[in-house]
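Let me see the structure of the following:
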Amino acid sequence: MKPGPRNLITDIAGLRVGNAQDDRVKTGVTLLTGDGPFTASVAVMGGAPGTRETDLLAPDKTAPGVDALVLSGGSAFGLAAAQGVMDALHEQGRGFEVFSARVPIVPAAILFDLLNGGAKDWRDNPYPALGRAALDAAADGFALGSVGAGAGAQTAQHKGGLGSSSLVLEDGITVGALVAVNPMGSVTTPSGRHFWAAPFEIGAEFGGLGPDPAPGLQPLPESRKVHAMAALGNTTIAIVATDAALDKAQCHRMAVAAHDGIGRAIHPAHSPMDGDLVFAASTGARPLEMPAMQLSEIGHAASLCLARAIARAVWEASPAPNDSLPALRQELGLR
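Residues are numbered from 1 along each chain as shown. Here you go, the predicted model:
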């Protein structure tokens, strides 16, 4: 396995990602869309999820595909981002056909970034406009770090952010991940100088800092985030995708397997105060020849991509005025 040419989820042909953020509010929206509808499912393992239209993604539900998947800041306010995306897609003639009507299917998940030092004094909910802007910005290439849904994200010790990565398997199938990292837990080891995901790094995609040399189990330091926020608002929300032809049930299995990436990259993960959620998407471009074997490899690759994308999100985060937590590279004296 090796990364695709961009090391982004958009190494999967036909997929595009768009970011939009409001730096004053310290929040934003990220979406994944494609040339046409794609198959999708979801797996939730956190205790405090915030979602829209995820019930449709169960294998026994009617909708055969989705037009976009949305990751947003703003807690429950951020679910309105999907409405902005839905309205814009409807104007483009996109959507699930119901006789003469078309209804865009836009599932969404949100993270809590309401206590991160940004101005939250809006009169009109900003998220529908941010959703539209993210759709307008959708492209093959996109920025990582303090952008989109990761603009106001925080981990236990440092700023969070938006991350992505990809892998191309030996049979030519491509798998990718896109994640907004805002967990209760820490993405760095107790020293604060190494990533939990270090064993899975390819090249120096998140700094080449290597594994923490301290042996044995180390106690986790006290969370800076809890002190800065005086609250427990968290969540890591992600999308894993592939060009392999998966049905909704197989997408669900990929999403379940991908959660291992969260457990590898964040300690602790899947807490009662996190809304940890993984969407899974398939463009269906590559038929499976040995479904059981290939699905296992795809799920493993999805978990590796997600762990790497989580570390990349924190590595690429950048400082901004009124931040309540430092960016990792800033603290290491590298930015």
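
how far away is P3 from S165?
Plainly put, P3 is 7 Å away from S165 if you go by CB to CB, to the nearest Å. For the C-beta atoms, the positions are set from N, CA and C on the backbone; glycine is no exception.

For the protein, which strand extends over the most residues?
strand 27-44 (DSSP state E).

List the buried residues for that strand?
For strand 27-44, the buried set under the neighbour-count rule, 16 or more other CB atoms under 10 Å, comprises 27-34, 37-44.

before we move on, the earlier item: okay, and the common contacts of P3 and S165?
Counting by CB atoms under 8 Å, 6 or more residues apart in numbering, the contacts common to P3 and S165 are E205.

So which of these two has more stuff around it?
S165 (33 against 19; other CB atoms under 10 Å).

Not counting the host helix or strand of Q330 itself, show me its contacts.
Using DSSP states H and E, Q330 maps to helix 328-331. Residues outside helix 328-331 that contact it (CB under 8 Å, 6+ apart) are H158, K159, T188, G192, G207, V314, W315, A317, S318, P319, R335.

Mind giving me the ChimeraX select for these, buried ones only?
The ChimeraX command for the buried members of the contacts of helix 328-331 (criterion: 16+ other CB under 10 Å) is given here:
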select :158,159,188,192,207,314,315,317
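
Do a quick rundown of the helices in the stretch 51-200 of the chain.
Remark: helices assigned in the stretch 51-200 of the chain by DSSP state H, counting those that start in this stretch are 81-91, 127-136.

Pick the most buried one from those helices.
Mean neighbours per residue, mean count of other CB atoms under 10 Å, is largest over the helices of the stretch 51-200 of the chain for helix 127-136, with a mean of 24.

can you count the residues close to R102?
15.

now the one 4 residues further on
Number of residues near V106 (other CB under 10 Å) recorded here: 28.

Next up, the contacts around it.
Counted by CB under 8 Å, 6+ apart, V106 has contacts R52, E53, V66, D67, A68, L69, V70, A82, V85, M86, L89.

how near is the first one to D23?
Counting by CB to CB, the gap between R52 and D23 amounts to 25 Å.

and if you look at the third one?
Taking CB to CB as the measure, V66 and D23 are separated by 29 Å.

which of the two has more neighbours?
Shown here are V66 and D23; by other CB under 10 Å, V66 has more neighbours (25 against 15).

Report the beta-bridge partners for that one.
F38 (DSSP bridges).

Please apply the same query to D22.
Note on D22: beta-bridge partners by DSSP bridges are T27.

Model confidence for it, exactly?
With respect to pLDDT, D22 has a value of 96.

For the contacts of helix 328-331, work out which two are farthest apart.
Greatest spatial distance among the contacts of helix 328-331 (CB to CB): G192 and S318, at 17.6 Å.

Let's have the helices of the stretch 51-200 of the chain in JSON lines, adding distance to E289.
Shown next, in JSON lines, are the helices of the stretch 51-200 of the chain (distance: least, CB to CB, whole Å):
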{"stretch": "helix 81-91", "distance to E289": "34"}
{"stretch": "helix 127-136", "distance to E289": "35"}
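
in the stretch 201-335 of the chain, which segments are predicted with low confidence?
Counting by pLDDT under 70, the ranges of the stretch 201-335 of the chain that qualify are 227-233, 335.

if you set the cut-off to 50 instead, what comes out?
By pLDDT under 50, the low-scoring segments of the stretch 201-335 of the chain are 230.

just how off-centre is stretch 13-27 within its chain?
For stretch 13-27, the distance from its own C-alpha centre to the chain's C-alpha centre is 11 Å (CA atoms, centre = their mean, to the nearest Å).

Oops, could you answer that again for stretch 58-70 instead?
Distance, centroid of stretch 58-70 to centroid of chain: 18 Å (CA atoms, centre = their mean).

Same question for stretch 174-181.
The answer for stretch 174-181 is 6 Å, by CA atoms, centre = their mean.

same thing with stretch 116-124?
23 Å.

quick one: contacts of that stretch?
Residues outside stretch 116-124 that contact it (CB under 8 Å, 6+ apart): 22, 24-27, 114, 152-154, 229, 322-324.
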